[in-house]
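Chemist: with the input below, show me the fold.
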Amino acid sequence: MQNPKKHVLLILRLAVAVGALAWVLGQQDWAELAAAFGNLKLGAFGTGLLVFALAQVVLALRWWLLLCAQRVHLTLLVAVRLHFLGLFYNNLMPSSVGGDFLRAWYVTKHTEKRFEAALSVFVDRAVGLSGIFLMALVAYFSLRRGLTLDPIFHPPQDSGAARDIGPQVVGYLCLSVLLLLTLVLLIGSSRAFLAKHWAGKRDYLKSLVLKAKRVVLAYCRRPWVVLLTLCLTLFLQASTIVAFWVVGRSIGMEAHLKYYFLIFPTMWVVAALPVSIAGIGVLEGGITVLFTSLTGATSEQAACLALCQRFIWILTSLPGVAIHLSGGHLPKSFSFDVHSNAE
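Modeler: Alright, predicted model coming up:
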């Protein structure tokens with residue numbers, strides 16, 4: 001029996017995606033938006049598409065290197081197929097199960113080292129998010145300290161009160177979590193519930209912790225792998241951002257490249273939060289608002305750029321459909337009948 005909670009969460013995420021995208025499109029002058037798309041050069045869009053598609057192949061190579069560090073023997077071609085399958089589910093399927101979970105599930109069908117293979121998917125995701133976060137931080141402090149050229153548009157300076165909001169919010173969140181945990185521990189039924197479930201899961205969780213420890217130690221013994229994957233991440237993200245800058249210039253946006261290095265990584269991190277389907281609406285809205293407020297670009301130009309990014313993501317994800325339909329994500333010896341009988 002399926003959990004109805006998952007369906008509720010999926011519906012809520014769909015509602016956020018549709019509502020946010022409708023809000024973004026509702027703010028635009030459709031004639032100006034059409035003019036922005038009319039200015040878009042096919043060569044610029046093709047460049048963005050080609051760079052992003054090649055970046056996905058190299059990202060599959062990054063994951064393959066992490067698998068090799070765990071001595072998980074998988075061909076690079078299989079890693080590429082599974083990567084594009086995950087990309088398809090992340091960007092095109094409104095499912096409660098993300099592409100990373102499916103990639104982790106199917107990679108276990110190709111090896112006996114199932115735990116190590118599955119965990120490598122999330123290590124790969126952590127490396128990617130770390131690279132994005134690092135790039136956004138560098139761009140942010142470069143802008144604040146004036147390490148690059150003067151901005152085209154000077155945003156108003158932050159007030160002292162605005163700077164104090166962040167620590168206050170973090171403090172209130174920590175206090176709320178502490179109070180919630182205190183209440184749970186004070187209620188006798190809650191303590192009994194936790195004790196009962198902890199007793200049943202303790203040995204299983206202990207074994208998982210030991211396996212995870214071995215995985216971490218394997219990466220620590222090969223620091224060059226982690227460093228290489230992080231360098232690959234930064235290079236690919238920088239290349240993708242430059243490609244989107246080319247698309248923006250084609251549309252007519254005069255924003256300096258440094259704003260792309262701040263806005264795109266920041267919104268990629270925000271879009272990774274599971275509040276929408278593939279970040280739809282949230283990503284477009286954030287890019288539109290940030291470009292118009294920081295660079296002086298028109299709302300229609302910024303929205304056109306955001307939608308171009310979405311179109312590029314969708315087109316790059318389409319090979320995942322063919323991989324799924326052809327069974328290219330499964331080993332040749334795999335049989336659903338055999339696995340169902342084994343279970």
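
Chemist: what's the neighbour count on the residue nearest to Val275 when sequence neighbours are not counted?
Modeler: Leaving aside its chain neighbours, Val275 sits nearest to Val16 (5.7 Å; criterion: CB to CB, 6 or more residues apart in numbering). Heads up, the C-betas are built off the backbone N, CA and C, glycines and all. By other CB atoms under 10 Å, 17 other residues sit near Val16.

Chemist: Val16: which element?
Modeler: According to DSSP states H and E, Val16 maps onto helix 4-26.

Chemist: one more: Asp100?
Modeler: Counting by DSSP H and E, Asp100 is found in helix 99-107.

Chemist: next one: that helix to chain centre, how far?
Modeler: 15 Å (CA atoms, centre = their mean, to the nearest Å).

Chemist: now the following helix or strand past it: buried residues?
Modeler: From helix 99-107 onward toward the C-terminus, using DSSP H and E, the following helix or strand is helix 114-145. For helix 114-145, the neighbour count (16 or more other CB atoms under 10 Å) marks 114, 116-121, 123-125, 127-128, 131-132, 135-136, 138-139, 143 as buried.

Chemist: which SS state does Pro274 fall under?
Modeler: When classified by DSSP: H, G, I helix; E, B strand; the rest coil, Pro274 comes out as coil.

Chemist: just the pLDDT for it.
Modeler: Listed pLDDT for Pro274 reads 78.

Chemist: where does the chain dip in pLDDT?
Modeler: Applying pLDDT under 70 to the chain flags residues 1-6, 94-97, 143-213, 215-216, 218, 333-343.

Chemist: from Phe88, how far out is the residue positioned nearest the centre of it?
Modeler: Centrality entry for the chain: nearest residue to the mean C-alpha point is Ala272, 4.0 Å, by CA atoms, centre = their mean. To Phe88, Ala272 is 17 Å away according to CB to CB, to the nearest Å.

Chemist: can you show me the CA trace of the host helix or strand of Asn91 as PDB?
Modeler: Secondary structure assignment for Asn91, by DSSP H and E: helix 76-92. Provided in PDB are the C-alpha atoms of helix 76-92 (Å, rounded to 0.1, in the frame of the first residue of the first chain):
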ATOM      1  CA  LEU A  76      32.300   4.600 -18.100                       C
ATOM      2  CA  LEU A  77      29.500   4.000 -20.600                       C
ATOM      3  CA  VAL A  78      27.200   2.600 -17.900                       C
ATOM      4  CA  ALA A  79      28.000   5.600 -15.700                       C
ATOM      5  CA  VAL A  80      27.000   8.000 -18.500                       C
ATOM      6  CA  ARG A  81      23.800   6.100 -19.100                       C
ATOM      7  CA  LEU A  82      22.800   6.100 -15.500                       C
ATOM      8  CA  HIS A  83      23.700   9.800 -15.200                       C
ATOM      9  CA  PHE A  84      21.400  10.700 -18.100                       C
ATOM     10  CA  LEU A  85      18.700   8.500 -16.600                       C
ATOM     11  CA  GLY A  86      18.900  10.400 -13.400                       C
ATOM     12  CA  LEU A  87      19.000  13.700 -15.300                       C
ATOM     13  CA  PHE A  88      15.800  12.700 -17.100                       C
ATOM     14  CA  TYR A  89      13.900  11.900 -13.800                       C
ATOM     15  CA  ASN A  90      15.300  15.100 -12.100                       C
ATOM     16  CA  ASN A  91      14.200  17.500 -14.900                       C
ATOM     17  CA  LEU A  92      11.200  15.900 -16.700                       C
END
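
Chemist: please tell me how far it is from the chain's geometric centre.
Modeler: 14 Å.

Chemist: contacts for that helix?
Modeler: 56-57, 59-61, 63-64, 67, 95, 97-100, 102-103, 106-107, 110, 121, 278, 313-314, 316-321, 323-324, 328-329 (CB atoms under 8 Å, 6 or more residues apart in numbering).
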